[in-house]
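J.: Structure for the following, please:
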Amino acid sequence: MNKTIVLILALTSQILIGQKSLQMIESIHQFKVTDLYGEAFDLSSLKGKKVMIVNTASKCGLTYQYELLESLYKKYKTDNFIIVGFPANNFLWQEPGSNEQIAKFCKENYGVTFPMMEKISVLGSSMHPVYQYLTSKKKNGFKDSFVKWNFQKYLINEDGFVEKIISPRTKPDDPSVIDWIKS
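T.: Numbering: from 1, shown residues only. As a prediction, this is how the structure comes out:
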C-alpha cells in the first residue's frame, strides 16, 4: 500500500513538473506590437498561420531581399502564410530612417504589402520583447540564438512556436523555406 502511494506521488510530481516546464515555453501569439503607421498589431491574430519574422534594413547589402520577401508573401499568403517585418538599426546604422521614411521606402522601392512593424532593437539591453522571445530557448522552447545581421528569418509554426532560424544570407525563397511553407 505504501509503495503504491509513493509511486502515485512520484508520478503526480513528474506530471506537475512537466506541466510547469510546458507553461514556461511561450508562444509568439502573446505579443502585441505596433506597426509602421502607429497601429496596434496583435500577433494572436496570426494563430493558424505559418509566420516568417524578419529584421529588415533599408541601407544594407541584403536590402534586395525585400523584393523576394514580397514575392514570397504574394505567392503564399492565401496558404496561411504571412511575413512580419521588424526594421532595426542595430547593424552599422543601416536603418536610420523614421517609421514614416521606412514605410515610404518599402512601398516605393519594393511594393511591400506584408505587415511591417515599427523600428525596434534586435540586440542588447534594448532588445524588443519579441526578439527576447525569438532568441531565448528558455522562452521559445526551441533554441538560443542571436541575430547575426539584417534579414535573419525566424520561421514560426501555426501554433506560434519557433521551428527554424534562417541565416540572413539565405534568400527568403530558398527551397528549404518553400518546403517549410508547403509542409
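J.: Give me the contact list for stretch 138-150.
T.: When contacts are defined by CB atoms under 8 Å, 6 or more residues apart in numbering, stretch 138-150 is touched by residues 24-26, 55-57, 60, 62-63, 88, 90-91, 94-95, 122-123, 131-137, 161-163, 165, 167-169. Every residue, glycine included, has its C-beta placed from N, CA and C.
J.: Mind doing that once more with 7 Å?
T.: 25-26, 55-57, 60, 62, 91, 94, 122-123, 131-137, 161-162, 165, 168 (CB atoms under 7 Å, 6 or more residues apart in numbering).
J.: Could you tell me which of those belong to strands?
T.: Residues of the contacts of stretch 138-150 located in strands (DSSP state E): 55, 56, 162, 165.
J.: May I see the residues you listed arranged in JSON lines, with pLDDT and distance to residue 149 as well?
T.: Output for these, formatted as JSON lines (pLDDT from 0 to 100; distance: CB to CB, whole Å):
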{"residue": "55", "pLDDT": "98", "distance to residue 149": "9"}
{"residue": "56", "pLDDT": "98", "distance to residue 149": "11"}
{"residue": "162", "pLDDT": "97", "distance to residue 149": "18"}
{"residue": "165", "pLDDT": "98", "distance to residue 149": "13"}
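J.: are any of the contacts of stretch 138-150 buried, and which?
T.: With burial judged by 16 or more other CB atoms under 10 Å, the buried subset of the contacts of stretch 138-150 is 26, 55-57, 60, 62, 91, 94, 122-123, 131, 133-136, 162, 165, 168.
J.: Could you tell me which of the contacts of stretch 138-150 are located in helices?
T.: 131, 132, 133, 134, 135, 137 (DSSP state H).
J.: In terms of distance to residue 178, which of those residues ranks first?
T.: residue 134 (21.4 Å; CB to CB).
J.: Give the bridge partners for the residue nearest the centre of the chain, please.
T.: With distances taken as CA atoms, centre = their mean, the residue of the chain nearest its centroid is residue 53 (3.4 Å). Note on residue 53: beta-bridge partners by DSSP bridges are residue 84, residue 154.
J.: So for it, what's the pLDDT?
T.: Residue 53 carries a pLDDT value of 98.
J.: didn't it look like it was pressed against residue 154?
T.: Yes. Using CB atoms under 7 Å, residue 53 is in contact with residue 154, at 4.5 Å.
J.: how near is residue 161 to residue 113?
T.: 26 Å (CB to CB, to the nearest Å).
J.: one step back: could you name every residue contacting both of residue 53 and residue 154?
T.: With CB under 7 Å, 6+ apart, residue 53 and residue 154 have common neighbours residue 134.
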